[in-house]
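Undergrad: 3D, please:
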Amino acid sequence: GITSLNALAYPEKIAFANFDRTISWAELDEQASSFAAGLRSSGIVKGEHVALLGGNDIEWVIAQFGIWKVGAVPTFIHGMLADSLLIRQLDQSETVAIVAGPQFADRLSGLIEQAQSVRLGICWGKGYEGIPSLEGIINSFSSGEPDTEVLLEDLAAIIYSSGTTGIPKGAVNTYHDWLAKDLTQIVAQELKPQETGMIITPLYMGGSQIISLVPFARLSMTCVLLQDFDPENVLSAIETFGVNTFFAVPTMLKTLVDHPGDRWDTSSLKRVVSSGSPLNVQLYHSWIDRFGAGVYEVCGTSETGGGLSMTQADRESGKVASVGRPMVGFEVRIVDPEGHEVPHGERGEMVYRGDPVASGYYRQPDIEREIFRNGWFHTGDIGYVDKDGYFYIVDRIKDLIITGGFNVYPHEVEDVLYELTEIRECAVIGVPDALWGEAVHAVVALNPDSTTGPPEILLHCRERLAKFQVPKNIRIMDSLPKTSVGKIDKNQLREP
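TA: Numbers count the residues shown, from 1 in each chain. From the prediction side, this is the model:
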């Protein structure tokens, strides 16, 4: 495995670090091997699914590589979801064990009891009682047993997207898929073994895993882990650890650009990878003006792990509105509804194909057939390609909202709004927002005698939704506009 090779080649080199501690490749490999031995002793075998829930701790990394050493399958589930949605994804993914950090101290027992297939819980950090700890397992088991042999066609990971659809979807990645993702990112980002990377986005995000953690480890780079996004900590870490590269969503980049003060030495920073939502031209120039580091923009999904990329040179060539050209290992086309490629400049759906693309969805054959049809991954984005091979996104086929890099599906928010009997009808849309890219905006019509207002509606949403799903604004109308067939007309609602 990756840690075993790195431990042989660079045993004393720092593998992961934060402001409190560091761990070398030799230490990481030994502890991951001990954790793997503990998993085997608990009955976890090759091919079974183990979910990770927690913050950006070194313990997460130990657990993740330990799971791989057993030949088990890490399942990355969005940690900010409410318990009911977490349980739905645990059940859908047939997860047999959960490894969780201190953030889940008061929730893990309930998740284990309610999820149908979960038979084991393991924790790290403080706040737990009566649940085996990762630290205890590492101290109790020998690291001598070799890694379980895996094949390229074996399942390596299941990655759930950051949104919550009515039917949860977990992208299936074989070792072949994941290796291709790693190689694509290493080549595209021009990563080097002597560089130091940093992760400031949650480790359950596909982007954190695909753009950062595993490619960094594949090259035996040192990786700095930050628990939460805080501009002071990010800038301090760049100076303290000599960070050369990191991935962020545009909202984070804007926060860093706007953060006052220039007391940090950020001269080590070579590049930042932006993904999750489009990077506007003003923010790009502001970033360059303040930090001087190059910006590498990636357009893709959790399923593809990339697809299109926009380099600094591309932007300076005048293609400022483009989302870039295909990355190494990808084919990208614009097709009509029948799947036929359309001419340059003509609009159609953007589809991807290539070795890095996930193999499908776990236990979702109908959705898989729809999205992975004809050998191409259908993004749901409407776009076009110019004569120079640069792609442009015009609109989304679906009403997906991307806010701060997280996916919000309006239907999920609308279901929560409709739990309030005072609401007669509602629609949730995305509106342009300078900080978040898009903001979640709810439009509601109330029953005639209702005394409910925006404060009560927002309180209900905060109790039932993840923070990023809660509407930033509630607009009350007498009635919502309708199409000719009586459906709520979201296009009209989006009009200024």
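Undergrad: So, low pLDDT: which residues of the stretch 351-496 of the chain?
TA: Low-confidence segments of the stretch 351-496 of the chain (pLDDT under 70): 395-398, 483-487.
Undergrad: Residue 99 contacts residue 124, doesn't it?
TA: Yes. Judged on Cβ atoms under 8 Å, residue 99 makes contact with residue 124 at a distance of 7.4 Å. Any C-beta I mention is one placed from the backbone N, CA and C, and that applies to glycine too.
Undergrad: Pretty sure residue 40 sits in a strand.
TA: No. With DSSP: H, G, I helix; E, B strand; the rest coil as the criterion, residue 40 is located in helix rather than a strand.
Undergrad: right, and the helix or strand after the host helix or strand of residue 157?
TA: Using DSSP states H and E, residue 157 sits in strand 155-160. Proceeding N to C from strand 155-160, the next assigned helix or strand is strand 170-174, under DSSP H and E.
Undergrad: Walk me through which strands that following strand pairs with, and which way each runs.
TA: If you go by DSSP bridges, strand 170-174 pairs up with strand 155-160 (antiparallel), strand 360-361 (antiparallel).
Undergrad: how about the strands in the stretch 1-150 of the chain?
TA: For the stretch 1-150 of the chain, the strands defined by DSSP state E, counting those that start in this stretch occupy 14-17, 22-24, 49-53, 73-76, 95-100, 120-123.
Undergrad: Can you give the strand pairings for the third one, parallel or anti for each?
TA: Taking DSSP bridges as the criterion, strand 49-53 pairs within the sheet with strand 73-76 (parallel), strand 95-100 (parallel).
Undergrad: Just the C-alpha atoms of it, please, in CSV.
TA: Output of strand 49-53 as CSV, limited to C-alpha atoms (Å, rounded to 0.1, in the frame of the first residue of the first chain):
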residue,chain,number,x,y,z
HIS,A,49,-17.8,-1.0,3.8
VAL,A,50,-16.5,1.2,6.7
ALA,A,51,-17.8,4.7,7.1
LEU,A,52,-15.6,7.6,8.3
LEU,A,53,-17.2,10.5,10.2
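Undergrad: How much space separates the residue positioned nearest the centre of the chain from residue 56?
TA: Residue closest to the average C-alpha location in the chain (Cα atoms, centre = their mean): residue 205, at 2.5 Å. Distance of residue 205 to residue 56, given as Cβ to Cβ, to the nearest Å: 10 Å.
Undergrad: cool, residue 345 as well?
TA: Residue 345 is 43 Å from residue 56, where distance means Cβ to Cβ.
Undergrad: if we can go back for a sec, so which of the strands paired with strand 49-53 is nearest residue 324?
TA: Closest approach to residue 324 among those is made by strand 73-76 (25.4 Å; Cβ to Cβ).
Undergrad: Could I get the average pLDDT for the closest one?
TA: Across strand 73-76, the average pLDDT comes to 97.
Undergrad: Need the contact partners of that strand.
TA: The contact list for strand 73-76 (Cβ atoms under 8 Å, 6 or more residues apart in numbering) reads 47-52, 64, 67-68, 93, 95, 155-160, 170, 203-206, 209.
Undergrad: Between residue 345 and residue 56, tell me which one has more neighbours.
TA: Set side by side, residue 345 and residue 56 show more neighbours around residue 56, with 23 against 11, by other Cβ atoms under 10 Å.
Undergrad: where does the residue nearest to the more buried one when sequence neighbours are not counted land on pLDDT?
TA: Take residue 56 and drop its neighbours on the chain: the residue closest to it by Cβ to Cβ, 6 or more residues apart in numbering is residue 225, 4.5 Å away. You'll see residue 225 listed with a pLDDT of 98.
Undergrad: One more: the one 10 residues further on?
TA: According to the model's per-residue confidence, residue 235 sits at a pLDDT of 97.
Undergrad: doesn't residue 257 make contact with it?
TA: No. The pair residue 235 / residue 257 is not scored as a contact, 11.1 Å apart, by Cβ under 8 Å.
Undergrad: Of those two, give the one with the bigger neighbour count.
TA: Taking other Cβ under 10 Å, residue 235 and residue 257 do not tie; residue 235 has more neighbours (21 against 17).
Undergrad: need the contact list for that one.
TA: With contact taken as Cβ under 8 Å, 6+ apart, residue 235 is in contact with 256, 259, 264, 266.
Undergrad: Torsion angles phi and psi at the third one?
TA: Translated: residue 264. Residue 264 adopts backbone torsions of phi -100, psi 140, taken as degrees, to the nearest 10.
Undergrad: Skipping its backbone neighbours, what lies nearest it in space?
TA: Of all residues not flanking residue 264 in the chain, residue 235 sits nearest, at 4.2 Å (Cβ to Cβ, 6+ apart).
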